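In: build the 3D model from these lines:
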Amino acid sequence: MERSNMSESFDGSSVERSVPRQPDVKEAIADEAKRIVTGARRANYGKPENNFERIARLWTAHLKNTGRDVEIVAGDVSLLMILMKVARLAETPDHRDSFVDVVGYALTGAEVNGVSAT
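Out: Numbers count the residues shown, from 1 in each chain. The predicted model follows:
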């Protein structure tokens, strides 16, 4: 990443030189999360709607089989996974991958819950 910077040369004319731009952590994490959820993860696990529905059914079955009458739906999965990542961040608040995962779960959660793109 570079940005342009104009400076004056010895003869008074302007000279353009490139100055490396420091990466922005917000951009880097958001870009990585977007790349992951639209690429490899989708190829490995299929559409989030189907995967989150499968997860919700398994969690619901486990909870009911252990005496808790709780119904988890696909729309709950991303929020519950975000909460798991938040719990981990409480222990290691500088763990970059957890932040990437939080953004990724927010993106897939928006998709699964039918959030409008605009």
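In: CA only for contacts and neighbour counts going forward, please
Out: Will do.
In: got the contact list for stretch 90-107?
Out: Applying C-alpha atoms under 8 Å, 6 or more residues apart in numbering, the external contacts of stretch 90-107 come out as 29-30, 32-34, 36-37, 78-79, 81-82, 85-86, 88-89.
In: per-residue confidence averaged over that stretch?
Out: Mean pLDDT, computed over stretch 90-107, is 97.
In: for that stretch, buried residues please.
Out: Neighbour counts using 16 or more other C-alpha atoms under 10 Å place 98-107 of stretch 90-107 among the buried residues.
In: can I get it in PDB? Just the C-alpha atoms.
Out: Below are the C-alpha coordinates for stretch 90-107, written out as PDB (Å, rounded to 0.1, in the frame of the first residue of the first chain):
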ATOM      1  CA  ALA A  90     -12.100 -11.400  27.400                       C
ATOM      2  CA  GLU A  91      -9.100 -13.700  28.000                       C
ATOM      3  CA  THR A  92      -6.900 -12.600  25.100                       C
ATOM      4  CA  PRO A  93      -8.100  -9.200  23.900                       C
ATOM      5  CA  ASP A  94      -5.300  -8.800  21.300                       C
ATOM      6  CA  HIS A  95      -6.100 -12.100  19.500                       C
ATOM      7  CA  ARG A  96      -6.500 -10.900  15.900                       C
ATOM      8  CA  ASP A  97      -8.200 -14.100  14.600                       C
ATOM      9  CA  SER A  98     -11.000 -13.800  17.100                       C
ATOM     10  CA  PHE A  99     -11.800 -10.300  15.700                       C
ATOM     11  CA  VAL A 100     -11.700 -11.600  12.100                       C
ATOM     12  CA  ASP A 101     -14.100 -14.400  13.200                       C
ATOM     13  CA  VAL A 102     -16.500 -11.900  14.900                       C
ATOM     14  CA  VAL A 103     -16.700  -9.900  11.700                       C
ATOM     15  CA  GLY A 104     -17.100 -13.000   9.600                       C
ATOM     16  CA  TYR A 105     -20.000 -14.200  11.900                       C
ATOM     17  CA  ALA A 106     -21.600 -10.800  11.600                       C
ATOM     18  CA  LEU A 107     -21.400 -10.900   7.800                       C
END
